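A.B. asks: Here you go, sequence then predicted model.
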Amino acid sequence: MRTRLNGLAITILAALCAQASIAQEVAAVAPSSESIESPADDATSSPEATIEVFHTGLLAIMKDAKKLGFQGRIDKLTPLMDETFDLDFMASKTVGRHWRKLSEDEKLRWEKTFTRFTTANYAGRFTGFTGEEFVTLGVEDAAKGTRVVLTKIVIPSEEDVQLNYRVIERNGEWKVIDVYLNGTVSELALRRSEYSSALKREGFDELVASVETKIEDLKSKGLAEG
């Protein structure tokens, strides 16, 4: 199935893929055994359907991006991201082993901050529609009961970009827990490299403050550009 995607999404891919050397130094971020559940036989969705619904939702937002404006895109993206991604799980993995040392209040604060940043980042990048297409290629089994949904972005007059989603079944629904750029570069590993190092070097409050600053920068830029 093909779904058209905003051309500015490619800037996200370029920025993350430029950090591929970092990802190669970071072990692949796999769900821990205590956090994983075997897929249920009565799952009400499929891995492919989860990703295609997500892409369709993005398409609708992109087509109406200028009318919605930055805050409008956030308002639309928030439930879409919540339905598609296991953001709390991803938040815990981005700080690595430091997660266990955080208090319950700190964990909740970090989950909310990470979710807000992820949503604002999408809202700041997906700002229009310029002819790209998402193509779903299939699904493969992965470690610990997960699946990888294989997709690519077809870019007019350029090479295709491979974009794969690792998903896990949660309570009958498939949720994204990582995104692989060019098929191998783990976004979660990149975030973990950045955030766990900052947490160790500067402390929890400084890490949160730095991400909050990034969110405000995205908002300021987004509101200025529309």
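C.D. replies: Everything's here; your move.

A.B. asks: Please make it C-alpha for all contacts and neighbour counts, starting now.
C.D. replies: Will do.

A.B. asks: For the protein, which helix or strand comes out least confident on mean pLDDT?
C.D. replies: Sorting the helices and strands of the chain by mean pLDDT, DSSP states H and E puts helix 20-25 at the bottom, at a mean of 38.

A.B. asks: Can you name the element that comes right after it?
C.D. replies: helix 47-63 (DSSP states H and E).

A.B. asks: ok now that next one, how far from the chain's centre?
C.D. replies: Put simply, helix 47-63 sits 13 Å off its chain's centre (CA atoms, centre = their mean, to the nearest Å).

A.B. asks: buried stuff in the helix or strand that comes right after it?
C.D. replies: Downstream of helix 47-63, the first helix or strand assigned by DSSP H and E is helix 65-84. Across helix 65-84, burial judged by 16 or more other CA atoms under 10 Å covers 65, 68-74, 76-78, 80-81, 83-84.

A.B. asks: Pass me the low-pLDDT residue ranges in this protein, would you?
C.D. replies: 1-44, 226 (pLDDT under 70).

A.B. asks: show me where it has strands.
C.D. replies: Per DSSP state E, the chain carries strands over the ranges 2-5, 132-141, 147-154, 161-170, 173-181, 185-186.

A.B. asks: Now these in TSV, please, with extra columns for distance to L59 and mean neighbour count.
C.D. replies: Shown next, in TSV, are these (distance: least, CA to CA, whole Å; neighbours: other CA atoms under 10 Å):
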stretch	distance to L59	mean neighbour count
strand 2-5	6	22
strand 132-141	10	17
strand 147-154	13	22
strand 161-170	16	22
strand 173-181	18	23
strand 185-186	24	26
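
A.B. asks: So which of the ones you listed is nearest E212?
C.D. replies: Closest approach to E212 among these (CA to CA): strand 173-181, 22.0 Å.

A.B. asks: by contact count, what packs against that closest one?
C.D. replies: When contacts are defined as 3 or more CA pairs under 8 Å, 6 or more residues apart in numbering; DSSP states H and E, strand 173-181 packs onto helix 9-17, helix 47-63, helix 65-84, helix 87-94, strand 161-170, strand 185-186, helix 187-202.

A.B. asks: switch to 6 Å and redo it
C.D. replies: strand 161-170 (3 or more CA pairs under 6 Å, 6 or more residues apart in numbering; DSSP states H and E).

A.B. asks: can you tell me how far the residue lying closest to M62 once chain neighbours are set aside sits from K221?
C.D. replies: Excluding its sequence neighbours, the residue lying closest to M62 (CA to CA, 6 or more residues apart in numbering) is G128, at 4.8 Å. Relative to K221, G128 is positioned 15 Å away (CA to CA, to the nearest Å).

A.B. asks: Between those two, tell me which one has more neighbours.
C.D. replies: G128 (18 against 13; other CA atoms under 10 Å).

A.B. asks: Dump the strands of the chain into CSV; add distance to G203 as well.
C.D. replies: What follows is the strands of the chain, written out as CSV (distance: least, CA to CA, whole Å):
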stretch, distance to G203
strand 2-5, 38
strand 132-141, 38
strand 147-154, 34
strand 161-170, 30
strand 173-181, 25
strand 185-186, 24
